[in-house]
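>>> turn this into a structure:
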Amino acid sequence: MKAQYKSFILTAAIAGLMLPAAVAQTSTTPPTIDQRKENQQDRIANGIQDGQLTAGETKHLEKKETELNQEERDMRKLDNGHLTAADRATLNQQQNKLSQDIYKQKHDAQVQNVNPKSEVGQRERLQQERIAQGVKSGQLTAGETAHLEGREARINNEVHNDRAANGGRLTPAERRQVNRQENRTSRAIYRKKHNGRVQ
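Residues are numbered from 1 along each chain as shown. Below you'll find the predicted structure:
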């Protein structure tokens, strides 16, 4: 009898431990469009920080993200600021493709040949994090995000071209130029996050 009681208690304890996990699995909802955008921004920022994404790869991903944000903006315009179920399905499919592209770019043999902890690398990562935070909080609309992503893509393209022309490095003048551009983009991020428009 004592062994059966211990077995019953043990079974009940194990079931009690597994119940929260089962409930969590069944109540999990798929991430929203905005959550996915934020996650992808974070993944790009992490790729910049750890050197897995080169400036060229970052530019490529930023361009794709800008196009996706613009498409979302256009879809919302057609439906008075809302997304239809078909719009969501289309955006979700495109976000899946972008997610795969981020994964491929981060895991290919190319690595950033500049220290991601350098001033330029840190600025790129911080701007990405600020944009991601604005998407998450709803402070940035799809159009504003597309505009900011476009600015970042142009800066990344310039950095990529400058490094290619200088054996992988930026000259002091080029670093100053990039910092001026990032300062302007930083102010634009602030203005767009605090202009009262919300997603």
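>>> quick one: contacts for the spatially most central residue of the chain?
Nearest to the mean C-alpha position of the chain, counting by Cα atoms, centre = their mean, stands Gln41 at 1.0 Å. Contact analysis of Gln41 by Cβ atoms under 8 Å, 6 or more residues apart in numbering lists 65, 128-129, 131-132, 135. C-beta: built from backbone N, CA, C; applies to glycine.
>>> of those residues, closest to Ala188?
Ile131 (10.3 Å; Cβ to Cβ).
>>> wait, that closest one sits on Glu152?
Yes: between Ile131 and Glu152 there is a contact at 7.4 Å, judged by Cβ atoms under 8 Å.
>>> the more surrounded of these two?
It is Ile131, of Ile131 and Glu152, that has more neighbours when counted by other Cβ atoms under 10 Å, with 28 against 25.
>>> the helix or strand harbouring the more buried one packs against which elements?
Assigned by DSSP states H and E, Ile131 belongs to helix 119-137. Applying 3 or more Cβ pairs under 8 Å, 6 or more residues apart in numbering; DSSP states H and E, one finds that helix 119-137 contacts helix 33-49, helix 142-165, helix 172-193.
>>> which one of those helices lies nearest to Arg76?
Shortest distance between Arg76 and these, using Cβ to Cβ, is found for helix 142-165: 6.5 Å.
>>> give me the buried positions along that closest one.
Neighbour counts over helix 142-165 (16 or more other Cβ atoms under 10 Å) mark 142-153, 155-160, 162-163 as buried.
>>> check stretch 89-96 too.
Buried residues in stretch 89-96, counted by 16+ other Cβ under 10 Å: 91, 95.
>>> contact partners for the closest residue to Arg36 other than its chain neighbours?
Leaving aside its chain neighbours, Arg36 sits nearest to Gln95 (4.8 Å; criterion: Cβ to Cβ, 6 or more residues apart in numbering). Each residue near Gln95 by Cβ under 8 Å, 6+ apart is listed here: 33, 36-37, 40, 68.
>>> does Gln95 count as helix, strand or coil?
Three-state call for Gln95 (DSSP: H, G, I helix; E, B strand; the rest coil): helix.
>>> before we move on, the earlier item: now the helix holding Ile131, how far from the centre of its chain.
Averaged C-alpha coordinates place helix 119-137 at 9 Å from its chain's average position (Cα atoms, centre = their mean, to the nearest Å).
>>> from the rest of the structure, what touches that helix?
Residues outside helix 119-137 that contact it (Cβ under 8 Å, 6+ apart) are 34-35, 37-38, 41-42, 44-46, 48-49, 51, 58, 112, 114-116, 140, 144-145, 148-149, 152, 155-156, 159, 170, 175, 178-179, 182, 185-186, 189, 192-193, 199.
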